[in-house]
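A.B. asks: Sequence plus the predicted model coming up.
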Number of protein chains: 2
Amino acid sequence: MGKKFICLDIGGTKVLGAVFDENNNIVFKSKKKTKVEKGVEKVEEKIIGVIDDLINGSGIKTEEIAGIAAGAPGVINEDTGEIIFAPNLPWRNYDIKSIIESKFKVPFFLGNDANVGMLGEWKYGAAVNKENVIGIFVGTGIGGGLIINNKLFSGPRYLAGELGHMVLNTEGPFCNCGQRGCFEAYASKVAITREIKVQIERGRDTVLKDLMDDDSIIKSKVLKKALDQKDPVALEVMDRAVYYLAAGTGSLVNIFNPDMVVLGGGVLEALGDYIIPQLKRHIKRFALPAVLKGTDIVASKLGDDAILYGALALIKDRVHE
Amino acid sequence: MGKKFICLDIGGTKVLGAVFDENNNIVFKSKKKTKVEKGVEKVEEKIIGVIDDLINGSGIKTEEIAGIAAGAPGVINEDTGEIIFAPNLPWRNYDIKSIIESKFKVPFFLGNDANVGMLGEWKYGAAVNKENVIGIFVGTGIGGGLIINNKLFSGPRYLAGELGHMVLNTEGPFCNCGQRGCFEAYASKVAITREIKVQIERGRDTVLKDLMDDDSIIKSKVLKKALDQKDPVALEVMDRAVYYLAAGTGSLVNIFNPDMVVLGGGVLEALGDYIIPQLKRHIKRFALPAVLKGTDIVASKLGDDAILYGALALIKDRVHE
């Protein structure tokens, strides 16, 4: 009987978990809402709850578990597993590693969600065997992961890859970070939502008026529904977002000369077929032709499971079976 | 008697050469105008002429020479020494290595000028012992060099580090590359010259009217002279250039989380004391505070000799004495 791997994707809204078998197949999944507003201990309880569900639901024994690993947002010391800072989770200098390890008696590993997602795509997804890869993950914000010379690059202080805060227009709209004109102020779900709401306020006729919640960030599925109906506002707003996605991607291609760019995250998972061809057209305006020539631009292969697969890679890299 | 090293900086306007002794000291220098307009063979003649001058002028013997190395603009295969493409020099798939080696019977190494300059600052200049460094070289254009995990990163196809073609404003002024709003369309000498000429054409009162040649790119020394006199047009144009230099540098800091940014090239050599403090002020608007915190921002230490020192590093890295 082979080893099992417990992998988690810890987000601001949900904790997603999966059990992998020794052949890298997902054999069981579980999900819980994070309930961030209830504080550190409640989030911790949810994480432990998901792990318990995975163990009980899949019927595995503790001694079969090779390790537990997770991707989480924020600045994470990938060597110690400490969460230094997380913008959307109530953690500061939080030693989650000790908590999990003392409870389950198996090694625990943690990485930044975009980095772990990049690792997943690189080891098991769209970017297998590529030496230099940029991962751009479009969700609420824009996260980035960098594979440089066959290695994940997270910088000397675990802060590299903040691709979402590259400036695309020095006098552009404010970003949540306080700068103007950031990549994610143009091409994230927050930016897309803002554009749509302005058009609704202007009295534009759009199906999004009925499909969207009043005060929350648009869901990728809702966006897809409106685009499938050729809603003019949805088309207009997405064209604009993809144009800026191409601008940001083009700059990154010029800087890194990568073998591949993988675009992932919820928006790409739902709308990849719509986004990728347009992005490939627009990027010609922003990337140097000679540099762009050798660069594949593809959608994520693992979609919402990228972080789970990346967590699997974290365990396999560090635990010698 | 120790070994000697012949190092060259091959540019669009001049070939600069130096002989280094075994203690990394420059013992002799020579310079010739490149005369690009006269074609490949004339440029080759100039390069060989500078090497001859260095050997004859310093009185060294061929058997003392450990190697010859150079930095040159363009896309260079750093493994074979072939110049694949050079925008300002008449070379396409040009095997300069064989020519030099068959003439002088010593190993020859070649790298992209910005990469070689970065190597110089990293091995002998401002960035010694730093693991992750961004080099930004401001001259006619803007070149870049990247040290990642203690290694020069030039990308899978020797094209990485085209920092000058990162977009800072998607609808900005045209760049020589054909894109709009590139970093170097705002902060290079070409951009600075364009801004000054527009102000002169508008009839603004400026000492630059007399100091500048009509149809050439402004010299850094001329710019310094005008700034020293507090010329209003020079001040205005430089403030604008430094603001965009901060925007580009800030984005790069967010992407790489480096230990250090080294700013070099002719403009910094002449105006570093003026530029660096202003840039450090403006960059707070563009870099995430947490990322900026651990990043030193400094002027090049080697100035115009950075490429020569980088060439020295190329020889020392590859020739085992």
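C.D. replies: Alright, I've got the coordinates.
A.B. asks: Tell me where the stretch 51-200 of chain A has helices.
C.D. replies: If you assign secondary structure with DSSP state H, counting those that start in this stretch, the helices in the stretch 51-200 of chain A sit at A:96-104, A:113-124, A:184-187, A:189-201.
A.B. asks: do the stretch 201-321 of chain A as well
C.D. replies: A:208-211, A:220-228, A:232-256, A:266-282, A:289-293, A:306-318.
A.B. asks: Just tell me which of these ends up closest to B:E22.
C.D. replies: Among the helices of the stretch 201-321 of chain A, helix A:232-256 comes nearest to B:E22, with 36.8 Å by CB to CB. The way it works is simple: take the backbone N, C-alpha and C, and place the C-beta from them, glycine included.
A.B. asks: could you give the angle of the closest one to helix A:266-282?
C.D. replies: Angle, helix A:232-256 to helix A:266-282, by axes from the mean of the first three to the mean of the last three CA atoms, to 10 degrees: 70 degrees.
A.B. asks: thinking again about what came up before, any chance of the helices of the stretch 51-200 of chain A in JSON lines, plus mean neighbour count?
C.D. replies: Output for the helices of the stretch 51-200 of chain A, formatted as JSON lines (neighbours: other CB atoms under 10 Å in any protein chain shown):
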{"stretch": "helix A:96-104", "mean neighbour count": "17"}
{"stretch": "helix A:113-124", "mean neighbour count": "28"}
{"stretch": "helix A:184-187", "mean neighbour count": "27"}
{"stretch": "helix A:189-201", "mean neighbour count": "18"}
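A.B. asks: wait, which of those helices is closest to B:D273?
C.D. replies: Nearest to B:D273, of all the helices of the stretch 51-200 of chain A, is helix A:184-187, at 34.3 Å by CB to CB.
A.B. asks: So which elements touch that closest one?
C.D. replies: Applying 3 or more CB pairs under 8 Å, 6 or more residues apart in numbering or on different chains; DSSP states H and E, one finds that helix A:184-187 contacts helix A:189-201, helix A:232-256.
A.B. asks: Recalculate using a threshold of 10 Å.
C.D. replies: The contact analysis (3 or more CB pairs under 10 Å, 6 or more residues apart in numbering or on different chains; DSSP states H and E) places helix A:184-187 against strand A:133-138, strand A:142-147, helix A:189-201, helix A:232-256, helix A:266-282.
A.B. asks: Figure out which of the ones you listed is closest to B:P173.
C.D. replies: That would be helix A:232-256 among the helices and strands packed on helix A:184-187, by CB to CB, at 15.4 Å.
A.B. asks: and that closest one, does that touch chain B?
C.D. replies: Yes - applying CB under 10 Å from any CB of the partner chain, one finds helix A:232-256 touching chain B at A:Y243, A:Y244, A:A246, A:A247, A:G248, A:G250, A:S251, A:L252, A:V253, A:N254, A:I255, A:F256.
A.B. asks: got a winner among the residues you listed for most neighbours?
C.D. replies: Neighbour counts for those, by other CB atoms under 10 Å in any protein chain shown, peak at A:S251, which reaches 31 neighbours.
A.B. asks: give me the low-pLDDT residue ranges for chain A?
C.D. replies: By pLDDT under 70, the weakly predicted segments of chain A are A:1, A:320-321.
A.B. asks: one more time with 80, if that's ok
C.D. replies: Low-confidence segments of chain A (pLDDT under 80): A:1-2, A:35-37, A:86-90, A:213-215, A:320-321.
A.B. asks: Tell me how many other residues crowd A:R318.
C.D. replies: The tally of other residues near A:R318 (other CB under 10 Å) stands at 12.
A.B. asks: Help me confirm that it comes into contact with A:L119.
C.D. replies: No - if you go by CB atoms under 10 Å, A:R318 and A:L119 don't touch, sitting 11.8 Å apart.
A.B. asks: any residues in contact with both of the two?
C.D. replies: Here A:R318 and A:L119 have A:A69 as joint contacts, going by CB atoms under 10 Å, 6 or more residues apart in numbering or on different chains.
A.B. asks: domains for chain A, by residue range?
C.D. replies: As recorded under automatic domain parsing, the domains making up chain A are A:4-118+A:305-318, A:129-300.
A.B. asks: Among those, which comes closest to B:I55?
C.D. replies: Nearest of those to B:I55, taken as CB to CB: domain A:129-300 at 36.0 Å.
A.B. asks: distance between the ends of that closest one?
C.D. replies: 15 Å (CA to CA, to the nearest Å).
A.B. asks: Please apply the same query to stretch A:273-293.
C.D. replies: The first and final residues of stretch A:273-293 sit 21 Å from each other (CA to CA).
A.B. asks: how about that stretch: buried residues?
C.D. replies: Within stretch A:273-293, the residues that count as buried by 16 or more other CB atoms under 10 Å in any protein chain shown are A:Y274, A:I275, A:I276, A:Q278, A:L279, A:H282, A:I283, A:F286, A:A287, A:L288, A:V291, A:L292.
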